[in-house]
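Q: Predicted model and sequence follow; I will ask about them next.
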Amino acid sequence: MRIDELKALCEKYPVCIPIREVAKFLGASEDGIRAACLQGRCPFGFGWTSSGAERSGFKIPTMAFVCWMTKGAVALE
């Protein structure tokens, strides 16, 4: 696993990780991550659209991403 990269990502974004950074880390597209979040299929993030809004919002909590990546087995110190 790329634990040093994951650790650096956590240090830079201790609360929530931007979609672009998660996509880059996973080698996925930003649109794919957004779609998974909106569909409720993303195990580490979520998305929403307010009624009447044209744009959606997204959150990827850092701790949820780390737990998903490590299956909860690695403590980042």
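A: Happy to help now that I have it.

Q: Would you point out which residue is most central in this structure?
A: Relative to the mean C-alpha position of the chain, the nearest C-alpha, by C-alpha atoms, centre = their mean, is the one of I60, at 3.7 Å.

Q: these two touch, right, it and I17?
A: Yes - in terms of C-beta atoms under 8 Å, I60 counts as a neighbour of I17; the distance is 4.8 Å. All C-beta atoms are positioned from the backbone trio N, CA, C, and that covers glycine.

Q: what secondary structure does the residue of the chain most remote from its centre sit in?
A: Among the C-alpha atoms of the chain, the one most distant from their mean position (C-alpha atoms, centre = their mean) is that of G52, at 25.6 Å. Of the three states, G52 takes coil under DSSP: H, G, I helix; E, B strand; the rest coil.

Q: Now do P43: how many residues are near it, please.
A: Residues contacting P43 under the criterion other C-beta atoms under 10 Å number 11.

Q: What are the boundaries of the strands in this structure?
A: Defined through DSSP state E, the strands belonging to the chain, from first to last, are 46-49, 56-59.

Q: looking at those, which is closest to E11?
A: Evaluated with C-beta to C-beta, the strands of the chain place strand 56-59 nearest to E11, the distance being 19.0 Å.

Q: Give me the helices and strands touching the closest one, please.
A: Under the contact criterion of 3 or more C-beta pairs under 8 Å, 6 or more residues apart in numbering; DSSP states H and E, the helices and strands touching strand 56-59 comprise helix 30-39, strand 46-49.

Q: Any chance of those in a markdown table with mean neighbour count, distance to M69 and mean pLDDT as columns?
A: Conversion of the helices and strands packed on strand 56-59 to a markdown table gives the following (neighbours: other C-beta atoms under 10 Å; distance: least, C-beta to C-beta, whole Å; pLDDT from 0 to 100):
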| stretch | mean neighbour count | distance to M69 | mean pLDDT |
| --- | --- | --- | --- |
| helix 30-39 | 15 | 14 | 95 |
| strand 46-49 | 14 | 17 | 93 |
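
Q: I'd like these written out as TSV, with distance to K71 added.
A: Listed next are these as TSV, based on distance: least, C-beta to C-beta, whole Å:
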stretch	distance to K71
helix 30-39	19
strand 46-49	20
